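> predicted model, plus sequence, below.
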Amino acid sequence: MKTVAEHPPRPAGQNGAMGEFTKMIRDAAPSIEALVPAEPAAVLGRHVARRRQDDFRSGPVAQQALRELPGLTAERLLGALELGVARLDLTAPDELVAPLPRTGQSGFFSYLEASGQSAMTTPMTLVEATHRGVSDLVLGHVRALLPDLPDLTAVTGDEAAIAARRGAAHLAVAVAVSRAVLNAVGTPVAKDVAAVIGIALGVTAEVLPEVPMPPAYERALLEKRRAEYRGGSWHTHVPVFDHEFLLVEELSLTRPDFTATGLAAPVGTGFAVRTGIASGQVPVAVNVLLEAPRELRPEMWDEVVEISYTAVNGDARLGHGATAPWPGEFRARVCASGRDEDDERYELTIWPAPAAEASVLKKTDRVGHLLRGEPAPPVVVRPEAPHRRLAAELGVAATVTVVTNAAVDDVVDEFDEDAIALEADGGVLVVELNDYRGSQPEVLERLSRGGRAASHFWNVNRLTRLSFARDGHLVDAREVLDEPWHDVDPEVGAALEGLSFTDWRHLDAKGITAVVRFTGAVIDQDEVLDAVGELRQ
């Protein structure tokens, strides 16, 4: 069965009952609107979420919609309107309340709940119980008036002012309609001011998502975002097509020219970044600043360039974040690593700055050299590359220990029972997940009595420990990020050769590589990962 709200009244001619009613509401609304405080009115005016259609939610539409509003906002509006609404002398024409059943015919009490939101819930419930369909009737009349009331086409101001006007004006119309309809019903329960305001609030919450924002709101909201913007940082994965990804406001047919930098180029309303892979996804970190960045860590990257581009509107999106929400000239620093190795990642740093020539701050990868038309450097195979897979599969917390001149049975006694101990070519390998006994000096000293022992530990907080022991003595042990590796034992130095810990890429693979070099062992990664997989199951 359709409700009154789903069949709103059709406006009659201006001389008919609906015409009289429209004039009454138009005349009354301004005085009601003047009673509505700006802050809760703005909260109401920003309400655009449609009512949830949950099966367990009972009661008429207005009562359900009222639950969507913040409780404190509804209470503040009730308090602000109570006295003024009590003095309102509005009565709808009899024809406009004729669809309601006569008092005593509803038999509706079991349908309603008298608990819920604030002091308005019980009065609303009693009104519906006595006059079934009255809330839907108010909703129907408000919907019938919406093409004409309220008229907000000329509203101006900042975002808060426009939102407050939208909320207050629509609430004023709904309050006037609710008061007039309930006065026409005429019973004491129908004249309860809390019921009048509660129905009006629920009706307003129901209709506002159907009503467009005033024309000036979008611009005002943008100005608010611009005034409040303080920059942002985020990480995301972006799709790559035809060896590039884009940070633009709108797609264009213009092709970027990477010959100047070998990495990034302005295009349309943003810029493009040249990748090593042809398609797929790459990880990207983005920093949007309000001024030029203070420092650069070039050791972290293979290629670093800066370019200028012009934003038409601003607010270009990449993943779940966006650039500054205003137009103008911007500078972008683009950092890339791993383009030669199918192990790519990128960082974009963007800030407002006058247009300037593109510059290349670091250039070491082959992709960039070839794009710039320069002789390509030789292929570099990083010493930690063979152990990247193992480090990645072990996850965010583990310890890898290698012991020479020892049997597995002699080694496992030093570790907890869930440690994985395997024979390796040249020693015994022990892997601990989320544990660190292999990094303890006394353990390494005991394990190295017959030869050597070394371990690399890391955890989710990015704490690490790279340790070396020989002939029962700890030779060296350090946090790889904090302490420089100078003046070390010659054999430790040989194990660390070519491993840069100031470059944070693949730190754990580097630590495992140093352990393997110091002990001379060879790790069968497939065997280790199979054992790790069985343990995790």
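All right, it came through fine.

> which segments of this structure make up each domain?
Using automatic domain parsing, the domain parsing of the chain gives 4-219, 230-371, 386-536.

> start to end distance for the last one?
Using CA to CA, to the nearest Å, the span of domain 386-536 from its first residue to its last is 23 Å.

> so where's the stretch 201-350 of the chain shaky on pLDDT?
Nowhere does the stretch 201-350 of the chain drop to pLDDT under 70.

> residues of stretch 238-249 that come out buried?
Across stretch 238-249, burial judged by 16 or more other CB atoms under 10 Å covers 238, 240, 243-249. Where you see a C-beta, it was placed from the backbone N, CA and C, and this is true even at glycine.

> still on that earlier bit, which of the domains of the chain sits closest to residue 378?
domain 230-371 (8.6 Å; CB to CB).

> now do the end-to-end distance for that closest one.
From its first residue to its last, domain 230-371 covers 36 Å (CA to CA).

> and it, how far out from the chain middle?
Once both centres are worked out by CA atoms, centre = their mean, to the nearest Å, domain 230-371 turns out to sit 21 Å from its chain's centre.

> one more: stretch 170-187?
On CA atoms, centre = their mean, the centre of stretch 170-187 falls 42 Å from that of its chain.

> what's the first helix or strand after the strand or helix carrying residue 304?
Element membership of residue 304 [criterion: DSSP states H and E] is strand 303-311. Per DSSP H and E, the first helix or strand lying C-terminal to strand 303-311 is strand 317-318.

> residue 87: neighbour count?
Neighbours of residue 87 under the rule other CB atoms under 10 Å: 8.

> TSV for the domains of the chain, including distance to residue 379?
Listed next are the domains of the chain as TSV, based on distance: least, CB to CB, whole Å:
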stretch	distance to residue 379
domain 4-219	53
domain 230-371	7
domain 386-536	15
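
> return the member of the ones you listed having the minimum mean pLDDT.
Ranked on mean pLDDT, the bottom entry among the domains of the chain is domain 4-219, at a mean of 88.

> buried residues of stretch 38-46, list them for me.
Quick answer for stretch 38-46 (16+ other CB under 10 Å): 40-46.

> my bad, should have said stretch 324-342
324-326, 330-341.

> what does stretch 372-384 give?
Buried residues in stretch 372-384 (16+ other CB under 10 Å): 382-384.

> looking at the residues you listed, which is nearest residue 518?
Among those, and counting by CB to CB, the member closest to residue 518 is residue 383, at 13.1 Å.

> would you map the strands across the stretch 201-350 of the chain?
Counting by DSSP state E, counting those that start in this stretch, the stretch 201-350 of the chain has strands at residues 232-240, 244-247, 264-267, 270-274, 280-288, 303-311, 317-318, 321-322, 328-337, 345-352.

> closest one to residue 72 among the ones you listed?
strand 232-240 (29.3 Å).

> that closest one packs against which elements?
strand 280-288, strand 321-322 (3 or more CB pairs under 8 Å, 6 or more residues apart in numbering; DSSP states H and E).

> just put those in a markdown table and tack on distance to residue 365.
Below are the helices and strands packed on strand 232-240 laid out as a markdown table (distance: least, CB to CB, whole Å):
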| stretch | distance to residue 365 |
| --- | --- |
| strand 280-288 | 14 |
| strand 321-322 | 26 |
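
> of all the ones you listed, which one comes closest to residue 484?
strand 280-288 (26.1 Å).

> what lines up beside the closest one in the sheet?
Counting by DSSP bridges, the strands paired with strand 280-288 are strand 232-240 (antiparallel), strand 345-352 (parallel).

> how about it: buried residues?
Neighbour-count burial for strand 280-288 [16+ other CB under 10 Å]: 282, 284, 286-288.

> for the helix ranked longest in the chain, name the packing helices and strands.
Secondary structure assigned by DSSP state H gives helix 159-185 as the longest helix of the chain. Judged by 3+ CB pairs under 8 Å, 6+ apart, the packing partners of helix 159-185 are helix 17-33, helix 38-45, helix 71-86, helix 134-145, helix 193-207, helix 217-228.

> measure how the fourth one sits relative to helix 193-207, angle-wise.
For the pair helix 134-145 and helix 193-207, the angle between their directions (axes from the mean of the first three to the mean of the last three CA atoms, to 10 degrees) equals 50 degrees.

> so how far is helix 134-145 from its chain's centroid?
38 Å.

> just checking, what packs against it?
helix 17-33, helix 61-66, helix 121-130, helix 159-185, helix 193-207.

> which one of the ones you listed lies closest to residue 443?
Between the helices and strands packed on helix 134-145, helix 159-185 lies closest to residue 443; by CB to CB that is 62.3 Å.

> got the buried residues for the closest one?
Those would be 159-185, for helix 159-185 by 16+ other CB under 10 Å.

> try stretch 409-416
411, 414-415.

> what sits against the most centrally placed residue in the chain?
Taking CA atoms, centre = their mean, the centroid of the chain lies closest to residue 320, which sits 5.8 Å from it. Taking CB atoms under 8 Å, 6 or more residues apart in numbering, we find residue 320 in contact with 234, 236.

> please apply the same query to the one 5 residues further on.
For residue 325, the contacting residues are 222, 225-226, 229, 313-315, taking CB under 8 Å, 6+ apart as the criterion.

> now distance to residue 18 and neighbour count too, for these, in CSV please.
Below are these laid out as CSV (distance: CB to CB, whole Å; neighbours: other CB atoms under 10 Å):
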residue, distance to residue 18, neighbour count
222, 39, 16
225, 41, 16
226, 44, 13
229, 47, 17
313, 44, 12
314, 47, 20
315, 44, 17
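
> most widely separated two among those?
Going by CB to CB, the pair spanning the contacts of residue 325 furthest: 229 and 313, at 13.6 Å.

> okay, and the common contacts of those two?
What both residue 229 and residue 313 touch, as defined by CB under 8 Å, 6+ apart, is the set 325-326.

> tell me the contacts of residue 160?
Taking CB under 8 Å, 6+ apart, one finds 38, 42, 224 in contact with residue 160.

> how close does the first one get to residue 44?
Residue 38 sits 11 Å away from residue 44, taking CB to CB, to the nearest Å as the criterion.

> tell me, what's touching the two both at once?
Counting by CB under 8 Å, 6+ apart, the residues touching both residue 38 and residue 44 are residue 168.

> ok, residue 447 - contacts?
401, 403, 406, 411, 414, 453, 469.

> can you rerun that using 6 Å?
403, 453 (CB atoms under 6 Å, 6 or more residues apart in numbering).

> now do residue 42
Contacts of residue 42 (CB under 6 Å, 6+ apart): 160, 163-164.

> how about a cut-off of 10 Å?
With contact set as CB atoms under 10 Å, 6 or more residues apart in numbering, residue 42 has these partners: 73, 159-168.

> and those as JSON lines, adding distance to residue 360?
JSON lines is the format used below for these (distance: CB to CB, whole Å):
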{"residue": "73", "distance to residue 360": "55"}
{"residue": "159", "distance to residue 360": "42"}
{"residue": "160", "distance to residue 360": "46"}
{"residue": "161", "distance to residue 360": "49"}
{"residue": "162", "distance to residue 360": "47"}
{"residue": "163", "distance to residue 360": "48"}
{"residue": "164", "distance to residue 360": "52"}
{"residue": "165", "distance to residue 360": "53"}
{"residue": "166", "distance to residue 360": "51"}
{"residue": "167", "distance to residue 360": "54"}
{"residue": "168", "distance to residue 360": "57"}
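
> hmm, back to that, of the buried residues of stretch 238-249, closest to residue 122?
When the buried residues of stretch 238-249 are compared for distance to residue 122 (CB to CB), residue 249 wins out at 51.7 Å.

> wait, that closest one touches residue 330, no?
No: with contact defined as CB atoms under 10 Å, residue 249 and residue 330 do not form a contacting pair (11.7 Å).
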